[in-house]
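# Take this sequence and fold it.
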Amino acid sequence: MSLRVEVRSLTVAGQPLMAGLAIEVPPGAVHTLMGPSGCGKSSLLAVVCGTAPEAVRFEGSIHLDGERVDGLPTRRRGIGILFQDDLLFAHMTVRENLLFAVPAGPRAGREAAVRQALGEVELDGYESADPATLSGGQRARVALARALLARPRALLLDEPFARLDAALRGRMRELVFGTLRAHGVPALLVTHDLQDVADGGRVTRLGER
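Take a look at the predicted model:
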């Protein structure tokens, strides 16, 4: 699965932010977007996943594995997003948070998918845990597992490491990038930190003249 984003123009509230941009992300690769605040990084992610507000005007195209998806509603694009806030449901256990993301199907299969996902993020045995009892790093790993359980065709990463301490940040980067490679999921990453760039990953700098 590959992701291609072509931007002929992107404006927010009538202000031009970018034009003439083309990004190609191969399966399992992470393409990083960098630039000053207000240059349009998060607006571009919102356009890609289909959640941009009316103030954002986009001319261009978005393709997933050759299929044009920018005309599709958000739920049909199959594009996930991971924010710096984990956004876990406080009234649900870890298992219930993860089941919320698993596509419909036989219960046994859905439960097995949750157990496998917890294993991949090194949280075996945490199914019944209350999110409030987890550390920041554990919550971040649950959020990653939930994002991937939805079986996204592509994943958008909006500064997901920004609030983590240096040691945890490094471990989370390795976990996220490794998991994306293993699943063959292309990703766009917004960050202000060059250390977040995946090894061998490409970087597009926005808002620079």
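# And the helices in this protein?
All helices of the chain, identified by DSSP state H, fall at 41-49, 74-77, 94-99, 107-120, 136-149, 166-183.
# Could you export those helices as a markdown table, including distance to Arg202?
Heads up, the C-betas are built off the backbone N, CA and C, glycines and all. Compiled in a markdown table, the helices of the chain are given as follows (distance: least, C-beta to C-beta, whole Å):
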| stretch | distance to Arg202 |
| --- | --- |
| helix 41-49 | 15 |
| helix 74-77 | 22 |
| helix 94-99 | 31 |
| helix 107-120 | 26 |
| helix 136-149 | 22 |
| helix 166-183 | 13 |
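# Generate a markdown table for these, with distance to Ala55, mean neighbour count and mean pLDDT as supplementary columns.
Below are the helices of the chain laid out as a markdown table (distance: least, C-beta to C-beta, whole Å; neighbours: other C-beta atoms under 10 Å; pLDDT from 0 to 100):
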| stretch | distance to Ala55 | mean neighbour count | mean pLDDT |
| --- | --- | --- | --- |
| helix 41-49 | 9 | 22 | 94 |
| helix 74-77 | 17 | 13 | 91 |
| helix 94-99 | 32 | 21 | 96 |
| helix 107-120 | 36 | 15 | 93 |
| helix 136-149 | 26 | 22 | 88 |
| helix 166-183 | 30 | 17 | 86 |
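# Could you point out which of these sits nearest Gly201?
The closest of the helices of the chain to Gly201 is helix 166-183. By C-beta to C-beta, the value is 8.2 Å.
# How much space separates Gly50 from Leu148?
19 Å (C-beta to C-beta, to the nearest Å).
# Can you check the pLDDT for Arg163?
With respect to pLDDT, Arg163 scores 75.
# meant to ask about Arg209
53.
# care to break the protein down by domain?
1-78+152-209, 90-150 (automatic domain parsing).
# List the contacts of the residue nearest the centre of the chain.
Note on the chain: the residue nearest the mean C-alpha position is Leu156, at 2.8 Å, using C-alpha atoms, centre = their mean. When contacts are counted by C-beta atoms under 8 Å, 6 or more residues apart in numbering, Leu156 touches 45, 48-49, 79-82, 187-188, 190.
# Swap in 10 Å and give it another go.
3, 33, 42, 44-46, 48-49, 51, 79-83, 147, 187-190 (C-beta atoms under 10 Å, 6 or more residues apart in numbering).
# now swap in Ala112 and tell me
The contact partners of Ala112, taken as C-beta under 10 Å, 6+ apart, are 102, 106.
# Next up, the contacts around the residue lying closest to Ala143 once chain neighbours are set aside.
Of all residues not flanking Ala143 in the chain, Asp86 sits nearest, at 4.0 Å (C-beta to C-beta, 6 or more residues apart in numbering). Applying C-beta under 10 Å, 6+ apart to Asp86 gives the contacts 97, 131, 134, 136, 138-144, 146, 160, 163.
# That's all I had, so thanks and see you.
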